[in-house]
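> Structure for this input, please:
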Amino acid sequence: MLPTILSKIRKEFTIWSVGTLPGIVAIGLIVFLRLNGAMQLIEWVTFDSFLRLRPSEPIDERIVIVGIDEANIRRIRNYPIPDREIAKLLRTLQKYQPRVIGLDIVRDIPVEPGHAELVAAFKDIKNPQHLTVSPQFHWTDHKIRIHYFICVLGYLLSALLLNDAQKKGFVGSLNHLIDSLSNIRLCRSVTCFGKQGRPKIEETLEEMSKEQQNLMQIFSFSTIHLKPFKMEGISSY
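Below you'll find the predicted structure:
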């Protein structure tokens with residue numbers, strides 16, 4: 001009985017020493033080399049090989065990368081690139097009405113000349129006044145949905161205005177268009193004739209710039225103040 005048990009123990013130990021023990025030693029050796037960084041080069045080569053074996057991905061035409069290379073630095077003859085040049089670049093990109101502009105440049109201190117221009121460009125592009133979802137003071141889901149709907153509707157209408165203006169020769173951003181239109185003012189003069197009789201009311205547009213005059217013609221706003229907007233229950237100019 002005892003010799004049989006000892007024989008089985010020796011057999012199991014032989015199997016363990018031949019199969020399991022080398023595996024444990026190999027795993028321990030690999031972990032040791034991995035922790036010491038000895039296998040990092042092999043991992044990089046393997047990872048790079050797998051990346052090269054990937055099928056080619058189509059280029060997303062919606063994304064445009066604008067880089068600053070050595071030729072740009074030689075042309076400007078200054079490094080880091082001055083803030084004025086960055087501001088000009090942002091203004092140029094904004095004319096094409098991109099959805100997002102990402103700037104991957106470290107700017108921890110002003111790089112003159114042009115820091116004030118860069119700050120102004122950031123403020124204009126971030127658009128703190130026009131077409132933003134302004135702070136809301138609602139606490140019910142229904143009112144919040146209405147609030148966001150009005151904000152999105154305003155954006156869509158503004159985009160349609162810009163599209164019509166660009167088709168007829170307007171050059172500028174959406175913010176510039178809204179600023180120009182918002183500065184057009186209607187002057188109302190009231191003349192009284194004594195204590196009796198109705199006062200005489202005259203409405204005229206204030207003096208406008210050449211660009212504002214062109215916008216008035218583009219949108220046919222020149223005589224809109226002469227025709228009251230009427231809706232059932234509402235009468236306004």
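
> can you tell me the helix or strand for residue 189?
strand 186-191 (DSSP states H and E).

> From the contact counts, what lies against that strand?
Contacts defined by 3 or more CB pairs under 8 Å, 6 or more residues apart in numbering; DSSP states H and E place strand 186-191 against strand 200-205. Where C-beta positions appear, they are placed from N, C-alpha and C, glycine not excepted.

> List the contacts of the strand it packs on.
Here strand 200-205 makes contact (CB atoms under 8 Å, 6 or more residues apart in numbering) with 184-193, 216, 222, 225-226, 237.

> pLDDT on the lengthiest helix in the chain, on average?
The residue-count maximum for a helix in the chain (DSSP state H) belongs to helix 141-167. Averaging pLDDT along helix 141-167 gives 82.

> List the residues that contact residue 66.
89, 93.

> Measure how buried residue 85 is and give me the count.
20 (other CB atoms under 10 Å).

> nearest residue to it other than its sequence neighbours?
Counting by CB to CB, 6 or more residues apart in numbering, residue 85 lies nearest to residue 76, which is 6.1 Å off, once chain neighbours are set aside.

> Looks like that neighbour contacts residue 82 (just checking).
Yes: with contact defined as CB atoms under 8 Å, residue 76 reaches residue 82; the gap is 7.2 Å.

> When those two are compared, which one has more neighbours?
Regarding residue 76 and residue 82, a neighbour count based on other CB under 10 Å identifies residue 82 as having more, with 19 against 13.

> That one reaches residue 117, doesn't it?
No: with contact defined as CB under 8 Å, residue 82 does not reach residue 117; the gap is 9.6 Å.

> Name the SS class of the most centrally placed residue in the chain, please.
What sits nearest the mean C-alpha location of the chain, by CA atoms, centre = their mean, is residue 100, with 2.6 Å. Secondary structure state of residue 100, per DSSP: H, G, I helix; E, B strand; the rest coil, is coil.
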